[in-house]
Each structure stands twice: as C-alpha cells, then as structure tokens.
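Asker: Okay, sequence plus prediction incoming.
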Amino acid sequence: MINRVSTASQYQNLTSNLMRKQGELNQTNGQLSSGKRVETAGDDPVSSVTIQNYRQQLTQLDQYNSAITLANNRLQTMETAVAGVEDNLSATKQKVLGMINGAMASNDRTAFKDELISLRDGLLELANSRDEAGNYVFAGNQVDTKPFMQARDGSMDYHGDSQSRYSQIDKSVNVKTSLPGDQLFTDIPNRYGDFRPVFSDGANGLTDDSKLHLLSATTTDFASAEEIGVSFENIETTDAAGNTTTTMHYSLTIGGNLVADKQPYDPEQGINYQDPAVAGSPSLEFKFGAVSSGDSITLQPAQTINIFDSIQDAIDNAERPTSSPAAEANLQRVVDDLDSGFVHMNQQRSEVGTIMQQVDRQLEQHLDFELTLNQAQSGLEDLDYSKAIMDMNQQMMALQASQQAFGQTKQLSLFNYI
C-alpha cells in the first residue's frame, strides 16, 4: 500500500513538473513570437499598470495630434483666403488710382467699373470661403450659414456671428481656428479716427479744382457724436492804415446747429472745438489738407468701415466725370479705406501665422513626449530577445530532461525487483 502511494505521488509530481516546464517554454515561445514581455497583467502586475497608463497617455496624444491636424488645415485655409483678400485689395487700389490719375473717356470709365465689380465679386467669394469639411471659414460659429450676401441696394450684409471657433490641442491649450467675418471685413478701423468724410459738388460741397481732403477727425466722446458740417471761406480785413489781409476762416455745424461761425483757421493746428457753454463737453479735433475758400465737407460718425461699402463707393463714382472734385475726393477716400483694409488684413494674417507657429510648437512637444512614452513603455513591455532565447534553450533542456525522467519512471515496476 505504501509503495503504491509513493509511486502515484512520484508520477503526479513528475507530470506536474513536466507540464510546468512545457508551460514555461510555451510562454517564452509566445513572447518571442509577439516580441512582448508583458502581454497580460499576470505576466508582471506592477509593470502592467504602468504600461496601461502609458497607453492611455499615448491614446490622448493621438487625439490631440488629430486635433492639431484639423486645426492646421483650418488655419492654412484661412491664411490662404486672407492672403487672397490682400491681393484683391491691392489690385482694387491700383484700379481706383488709375481712375483718379487718368484722363479717361466714357468707355474707359465703364471698363474700370466692370473691373471693380469683378474684383468686388472676387472679394465676396473669398469672404465666403469654405474649409475641407464644407464649413464657412468666416461665419464665426454659424459654419453652415453663408456669411456675406448682397442686399438689393448693393450693400453687403453679414449673417454670421462674432465668435471664433477653437480647437483643444493639449490638456490646457485651446487655439483659435477661425476669424469672424465682421472682424475681418466690416469692422476695419477707420484711418481718419471717429468720423468719415462725405464729399459733394455744388454750393454746399467742393469748389472747382478743389483738392480738399481729411487728415484726421476725432472726438473724446464717440457715443454722443453727431453729423458735422465744416465750411471754409476767405475773409478780407482792412486795418486802420488801409492794408487788406485775406485769411481763411471756418464755420462749424453739429447736428444741423451752427456752433462756430467764421472762426480763424490755422492749417497747422486744424480745428479744435469744445462747447464753451457746457462744462466737460466732448472735445473735437479736425485736420484737413489743401483747403480752398468755398469748400464744404460733411463728417459722419464712424470708427470702423465696411470694405465692401468702400468698394461700392468706388463703383458708384466710377462713371462720374473726372472733372468732378467730389468724385475724385470720394475715390481718394476709397484709396485710404483700401490702405486701411490692407493693413488690417495683414495684421489678421499675422495673427493666423502666430497661431500656426503655436500649433507647430505644440505638435513638436507632443512628438517628443510620444517618443519618451514609447521608449518607457518599450522598456517595460518589450522582450529582451537575447535573454529570451537563452531562457528558451534552458527551458528546452530542462523539459527534455524531465521528459526522459518521466519516461524512465513509467518503466519502473515491482517485477523488476522479483
């Protein structure tokens, strides 16, 4: 009885040992096949937790990198569109300057008008640009709404909102991926300040051969600004000795009310006015160039301009005779507006470029961090092939020895001792 128990126990031990060694060899073969030292939590519980953390971080980095790719696509589309707007405004300015400086026949003016309309339509197409997903680039958050549409009176209405879209490219980094159309096209800073000039011909406008132009017009309280009229005239004065002196004077109306009548005008100082009857009233300051006696000009409150309206002004004045001082002055104002628009677009394009640089820097950081994580994960997870091959050889030798011992054990019998 004791011999039977001993024999069964030895058999079971040998069998268990044989299966264990076979399992170790199978595991090593599996590691050599996959190249991974840790495939399940049971292989190395501590390392497995760290590897899972690395994988989560790498997955998050992949998501951020995808967001960066999308952001770059949007920014590149926007940058290309703004660059196209700059080219359009530059070409429009050249046409308007040609209308001012050239002695054009009626057919020439019609041709220039047609070219201006074509340039305006091209600008409208750029303003309604779409990205690779079909979203309107300059509509703010209203990406499915066409931002600019022409009204019946020729004006351009904006139908987007004033918001910008953002993309998250890191845990705490969000970058702007769009510019609202009103910021780009309808809220361009007025180069004159707080007022824009309106020129007309006739008794209440510019005199023949007038070259009057506005240099600047500002107020300390834009909220209360009203339409202002300024007129100039030479006044002769004779002193006691009979000497006659001619000096330029100005008259000023605010909201249709005459507030300054025939006051001396100093071209260097311009016009500075503050209501003497009201303490703390807004201060007005105007400067003009090439003033002539008999000139009148209207100033309308405006801190920003709509570039489409400016181009429409050029179109409206295109077929007016070049002998009209008001037409020339209005066209010169359009040139000033186009200069402001070009500078404004250049600033917006610079902002887009700065964002693109930020995105590129963030991508480089992600790639560096990704490389670090992959190296750390590889150190824990990947197999050391040299060591694994040595282990496999030892395991094969141990398995063969166990198999031989098992074979010999099976041949043992009590009959061998009888």
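Answerer: Arrived safely.
Asker: Next, count neighbours for Glu233.
Answerer: The local packing of Glu233 (other CB atoms under 10 Å) involves 15 other residues. Glycine gets a C-beta too; all of them are placed from N, C-alpha and C.
Asker: cool, and Asp187?
Answerer: Asp187: 18 surrounding residues under other CB under 10 Å.
Asker: Chain neighbours aside, what residue packs nearest to it?
Answerer: Thr304 (4.6 Å; CB to CB, 6 or more residues apart in numbering).
Asker: who touches the one you found in this structure?
Answerer: Counting by CB atoms under 8 Å, 6 or more residues apart in numbering, Thr304 touches 186-190.
Asker: how's this protein carved up into domains?
Answerer: According to automatic domain parsing, the chain comprises the domains 54-190+339-369, 198-302.
Asker: just those: most buried one?
Answerer: Compared across the domains of the chain, domain 54-190+339-369 shows the largest average neighbour count, a mean of 17 (mean count of other CB atoms under 10 Å).
Asker: and that one, what's its mean pLDDT?
Answerer: For domain 54-190+339-369, the mean per-residue pLDDT is 90.
Asker: Ok, stretch 211-220 next?
Answerer: Regarding stretch 211-220, the rounded mean pLDDT is 94.
Asker: Give me the residues contacting that stretch.
Answerer: Residues from elsewhere that reach stretch 211-220, judged by CB under 8 Å, 6+ apart: 192-197, 199, 206, 225, 228, 270, 282-292, 295, 297, 299, 301, 325, 329, 332-333.
Asker: mind showing which ranges of the stretch 201-350 of the chain have poor pLDDT?
Answerer: Judged by pLDDT under 70, the stretch 201-350 of the chain has its weakly predicted residues at 322.
Asker: what ranges do the helices span in it?
Answerer: Ranges of helices within the stretch 201-350 of the chain are 307-317, 325-381, based on DSSP state H, counting those that start in this stretch.
Asker: Quick check: buried residues in the first one?
Answerer: Read it as helix 307-317. 307-308, 310-315, 317 (16 or more other CB atoms under 10 Å).
Asker: With just CA atoms, put it into PDB.
Answerer: Below are the C-alpha coordinates for helix 307-317, written out as PDB (Å, rounded to 0.1, in the frame of the first residue of the first chain):
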ATOM      1  CA  ILE A 307     -14.600  97.300 -47.000                       C
ATOM      2  CA  PHE A 308     -17.500  96.200 -49.300                       C
ATOM      3  CA  ASP A 309     -19.100  99.600 -48.900                       C
ATOM      4  CA  SER A 310     -15.900 101.300 -49.800                       C
ATOM      5  CA  ILE A 311     -15.600  99.300 -53.000                       C
ATOM      6  CA  GLN A 312     -19.200 100.000 -53.700                       C
ATOM      7  CA  ASP A 313     -18.400 103.700 -53.400                       C
ATOM      8  CA  ALA A 314     -15.700 103.300 -56.000                       C
ATOM      9  CA  ILE A 315     -18.200 101.600 -58.300                       C
ATOM     10  CA  ASP A 316     -20.800 104.300 -57.800                       C
ATOM     11  CA  ASN A 317     -18.200 107.000 -58.600                       C
END
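Asker: who does it touch, helix- and strand-wise?
Answerer: Packed against helix 307-317 by the contact rule (3 or more CB pairs under 8 Å, 6 or more residues apart in numbering; DSSP states H and E) you find helix 45-101, helix 106-127, strand 156-158, helix 325-381.
Asker: again, 10 Å this time
Answerer: Identification of packing neighbours for helix 307-317 by 3 or more CB pairs under 10 Å, 6 or more residues apart in numbering; DSSP states H and E yields helix 45-101, helix 106-127, strand 148-150, strand 156-158, helix 325-381.
Asker: Then the longest one?
Answerer: For helix 325-381, the helices and strands in contact under the criterion 3+ CB pairs under 10 Å, 6+ apart are helix 45-101, strand 166-170, strand 173-176, strand 188-189, strand 195-198, strand 213-219, strand 304-305, helix 307-317.
Asker: ok, Ser324 to Asp201 distance?
Answerer: Distance of Ser324 to Asp201, given as CB to CB, to the nearest Å: 6 Å.
Asker: I misspoke; the intended subject was Gly256.
Answerer: Going from Gly256 to Asp201 by CB to CB gives 21 Å.
Asker: can you check Val335 too?
Answerer: Separation of Val335 from Asp201 (CB to CB): 19 Å.
Asker: Same question for Pro301.
Answerer: 23 Å.
Asker: what residues are up against His159?
Answerer: 136, 139-140, 142, 145-149, 181 (CB atoms under 10 Å, 6 or more residues apart in numbering).
Asker: now, the most widely separated pair of those residues?
Answerer: The span of the contacts of His159, defined through CB to CB, is set by Gly140 and Met149 at 15.1 Å.
Asker: thinking again about what came up before, would JSON lines of the helices and strands packed on helix 307-317 with distance to Lys262 be doable?
Answerer: Below are those laid out as JSON lines (distance: least, CB to CB, whole Å):
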{"stretch": "helix 45-101", "distance to Lys262": "32"}
{"stretch": "helix 106-127", "distance to Lys262": "39"}
{"stretch": "strand 148-150", "distance to Lys262": "45"}
{"stretch": "strand 156-158", "distance to Lys262": "42"}
{"stretch": "helix 325-381", "distance to Lys262": "23"}
